[in-house]
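Asks: my questions concern the predicted model and sequence given below.
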Amino acid sequence: MRNVNIEQDVLTGDQTQLSLHVLSGPNKGAETPLGDGAWLVGSHDADDLTFADPELVDSHLRIVIEAGQIQITALAPGVLIGGSDCLTECPTTLDPLTPVQVGRTIFSIGPTGASFPDVDSVVERRSLHAEHAPPAIEGAAPRGREPRLAMNSIPRPFRLGAAACGLLIIAYGACAGIERVVASLTPAAVPGTDSIKIARNVLRDLNVGRDVSIALQDDNLIIDGDLRPEEATRIKAALRDAGLTAEVTPKTATATALSDAKMIDLSTTVIRAFGIEGSIRVGSAGGISITGYGPSDATVKAALHRLQQDIPGVRTIDDTVATPDRARTFLETATTADLRGSIRIVVKPDAILVSGALTPTAYSEWKTVASRFEEKFAPHIRLEAHCSPVVLPAARGVHLGRSPFIVVQNGTRLKVGDNIDHFGKIVVIDRDGMLVRIGEADVHVPYPNKPEWIAEEDQL
């Protein structure tokens, strides 16, 4: 207990950084920091934290960190806190370093760098609780012997009658068991926990409902959240098809919407926490647009997910954030195959380096692509281009056949296999030009001028 009190004192001080440490399970030893806010733990791609645990379900539980206080809410059955079952949809305040089990995974939340308990100590404490439990089994043994002693004093006819009654009781129990099995195969009312789980699955399938609460009152579902009227209608219809009735109250009909200035301020705080520098504009119907620079596509995706999760009223996001990943993808898709094979692209955090020796045609195409790149990504990502046009020697004549070659103005012959300085190797010579291997690509290069003559030796 002394160690726990020390950790609680740390939480109330200046050091409020908490971490989740996995004590047991497929991800044993893993640790991740938890800042203030809500964290969904589950197997869905949209969940914030997940484990390689086959028993984990979508959005299995929610962790809320606020001012050093830890709160756990089970969103599905199978969550144990300190060895005790946790009721679903019932927030529980968690002491630091208390073991939490979900599926096969046991984790604990405490100050970063603290001494987390090991699983053996957790199991040992559970065993001690079991040892102090009332010895029910030992007390039951003498009582189990008393009936056998009494049976010896009962006359034989009465013993036979008792045996017949026992057989009747066994037969009745078997019939009752079969009746229960048959009853389980017939449609029955959905229990409260299952109703909430079905409703949550319906909301996920419809892709609606952010910041939605689901409760059960008198066998009726009460759903309240950030919903548009048409979304509420769709939810009611889908739940009706699932055999459930619900009262759906759109929060937007009663709640006061955030002002544009407040939404911009909150959104800016969120994206800056992910290292994104940019500006935010608020549109209509809960839409916002973000422009600026982000370190990677994955970071931008995580920031957008957090925006829709934490800020009420954000429904759609127009994302035009410039990232190095998107800059490279733009260059790879905006260039033709010949140009793409002639250039080399190197990605840096704030710049893209492009280099290569290009034919006059490819160089003209590159200038157009570079201009489009500047319009799209400047000033967030610089383009450092080191591309230069190659001046090919003028062709006086071309000889085709088994051993083709090109005669240039100074009389030099260029044949298949020869290298053109700072450009590539000739692999094919034909009437329209030559095929030059540049890097790993073969690029067709037309003659810079029309040859004075083209001769073809007799192949026969």
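Replies: Received, thanks. Numbering: from 1, shown residues only.
Asks: count of neighbours near the nearest residue to I198 once chain neighbours are set aside?
Replies: In this structure, I198 finds its nearest non-sequential neighbour in A242, 5.6 Å apart by CB to CB, 6 or more residues apart in numbering. Heads up, the C-betas are built off the backbone N, CA and C, glycines and all. For A242, the tally of surrounding residues (other CB atoms under 10 Å) stands at 14.
Asks: same check on H386?
Replies: Neighbours around H386, by other CB under 10 Å: 11.
Asks: and it, what are its bridge partners?
Replies: S355 (DSSP bridges).
Asks: quick one on the thing from earlier: how near is the residue nearest to I198 to L216?
Replies: 14 Å (CB to CB, to the nearest Å).
Asks: likewise for I352?
Replies: Here the distance between I352 and L216 works out to 55 Å (CB to CB).
Asks: who's more crowded, the two?
Replies: When I352 and L216 are compared on other CB under 10 Å, the one with more neighbours turns out to be I352, at 20 against 16.
Asks: poorly predicted segments of the stretch 151-300 of the chain, please.
Replies: Applying pLDDT under 70 to the stretch 151-300 of the chain flags residues 151-193, 209-211, 250-257.
Asks: now the helices for it?
Replies: Counting by DSSP state H, counting those that start in this stretch, the segments of the stretch 151-300 of the chain that form helices are 156-185, 192-206, 229-241, 260-273, 297-310.
Asks: per-domain residue ranges of the protein.
Replies: Described in terms of automatic domain parsing, the domain architecture of the chain consists of the residue ranges 2-129, 192-251, 260-322, 325-389, 395-456.
Asks: who touches W453 in this structure?
Replies: Under the criterion of CB atoms under 8 Å, 6 or more residues apart in numbering, the contact partners of W453 comprise 396-398.
Asks: and the nearest residue to G433 once chain neighbours are set aside, what's its pLDDT?
Replies: Nearest in space to G433, with sequence neighbours left out and distances taken as CB to CB, 6+ apart, is P446 at 3.9 Å. The score at P446 is 84. That number is its pLDDT.
Asks: just to revisit the earlier point, buried subset of the contacts of W453, written for PyMOL?
Replies: The following PyMOL command selects only the buried members of the contacts of W453, with burial defined by 16 or more other CB atoms under 10 Å:
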select buried, resi 396+398
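Asks: filter the contacts of W453 down to the ones in strands?
Replies: Filtering the contacts of W453 for membership in strands, criterion DSSP state E, returns 396-398.
Asks: hang on, E456 packs against G397?
Replies: No: the criterion here is CB atoms under 8 Å, and E456 misses it with G397 at 11.5 Å.
Asks: flag every buried residue along the helix or strand hosting T368.
Replies: Element membership for T368, per DSSP states H and E: helix 360-377. By neighbour count, and taking 16+ other CB under 10 Å as the criterion, the buried residues in helix 360-377 are 361-363, 365-366, 369-370, 373, 377.
Asks: so how far is that helix off the chain centroid?
Replies: On the basis of CA atoms, centre = their mean, to the nearest Å, the separation between the geometric centre of helix 360-377 and that of its chain is 35 Å.
Asks: cool, and stretch 207-223?
Replies: Centroid separation for stretch 207-223 versus its chain: 25 Å, with CA atoms, centre = their mean.
Asks: kindly check the end-to-end length of stretch 376-389 for me.
Replies: 25 Å (CA to CA, to the nearest Å).
Asks: what ranges do the strands span in the stretch 51-200 of the chain?
Replies: Shown for the stretch 51-200 of the chain, the strands assigned by DSSP state E, counting those that start in this stretch span residues 61-66, 69-74, 79-81, 84-85, 92-94, 100-102, 105-111.
Asks: name the nearest residue to P349, sequence neighbours excluded.
Replies: Excluding its sequence neighbours, the residue lying closest to P349 (CB to CB, 6+ apart) is P324, at 6.4 Å.
Asks: which ones are touching that neighbour?
Replies: For P324, the contact set (CB under 8 Å, 6+ apart) comprises 295-296, 347-350, 352, 381.
Asks: tell me the secondary structure at the residue most central in space within the chain.
Replies: With the centre of the chain defined as its mean C-alpha position, the nearest residue by CA atoms, centre = their mean is D45, 3.6 Å away. Secondary structure for D45, judged by DSSP: H, G, I helix; E, B strand; the rest coil, is coil.
Asks: got a pLDDT number for K376?
Replies: Turning to K376, the model gives it a pLDDT of 93.
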